[in-house]
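> Build me a model:
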Amino acid sequence: MTSGCDRGSRPLLLHVQAPDFTVSDGTNTVHLASYRGKTVLLNFWASWCGPCVQELPSLIEFQRQNPNITIIAVSIDENEEDYRDFITRHNMHMITVRDPQQRAATLFHTDMWPETYAIDKNGIIRRKFVGTQDWTDPSIVDFLNKL
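Numbers count the residues shown, from 1 in each chain. From the prediction side, this is the model:
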């Protein structure tokens, strides 16, 4: 692991209420608190981020196989056209919103991509995933389905 990727083994936010946010990009609006009662996988990403692109196929497959878990993909892309083209090109059929000011990411102390938070039905952050994940890994799927 390179030092730039070392984000620490103890995330600031764990076993606490997820910070609430509302992000609107003119097309989509996401209000995190409106997903209370559902297990949420909150994924911060960008279209220009190699590791984000690398994990995307497994994230899409996870969503297909686990429709009971809500994925909210918050992009920090500044260019709206690049963001929309990426979503279309990769058939991202999940909740996505563009947050170029990184308001939501800042609340979660996220400034490297991808980072993903597992949030339980009560809105409590149960796990932080740092970097590229294989979202079809049975141990990850099992953990998320138990939330």
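> The residue nearest the centre of the chain pairs with what?
The residue lying closest to the centre of the chain (Cα atoms, centre = their mean) is Asn43, at 0.6 Å. Beta-bridge partners recorded for Asn43 (DSSP bridges): Ala73, Thr116.
> Spit out the contact partners of it.
Taking Cβ atoms under 8 Å, 6 or more residues apart in numbering, we find Asn43 in contact with 59, 71-74, 114-116. To be clear about C-beta, it is placed using only N, CA and C from the backbone, and glycine gets the same treatment.
> go again using 10 Å as the cut-off
Contact analysis of Asn43 by Cβ atoms under 10 Å, 6 or more residues apart in numbering lists 52, 55-56, 59, 71-75, 94-96, 113-117, 129, 133, 135.
> Please report how far it lies from Leu147.
Look at Asn43 and Leu147: by Cβ to Cβ, to the nearest Å, they are 15 Å apart.
> and the closest residue to Tyr117 other than its chain neighbours, how far is that from Pro114?
Residue nearest to Tyr117 in three dimensions, not counting chain neighbours: Leu42, with 4.4 Å by Cβ to Cβ, 6 or more residues apart in numbering. According to Cβ to Cβ, Leu42 stands 11 Å off from Pro114.
> what's whichever helix in the chain runs longest in contact with?
In the chain, taking DSSP state H as the definition, the longest helix is helix 50-65. The contact list for helix 50-65 (Cβ under 10 Å, 6+ apart) reads 5, 41, 43-47, 49, 69-71, 73, 75-76, 86, 90-95, 112-116, 129, 131-137, 140-141, 144.
> Noted, bye for now.
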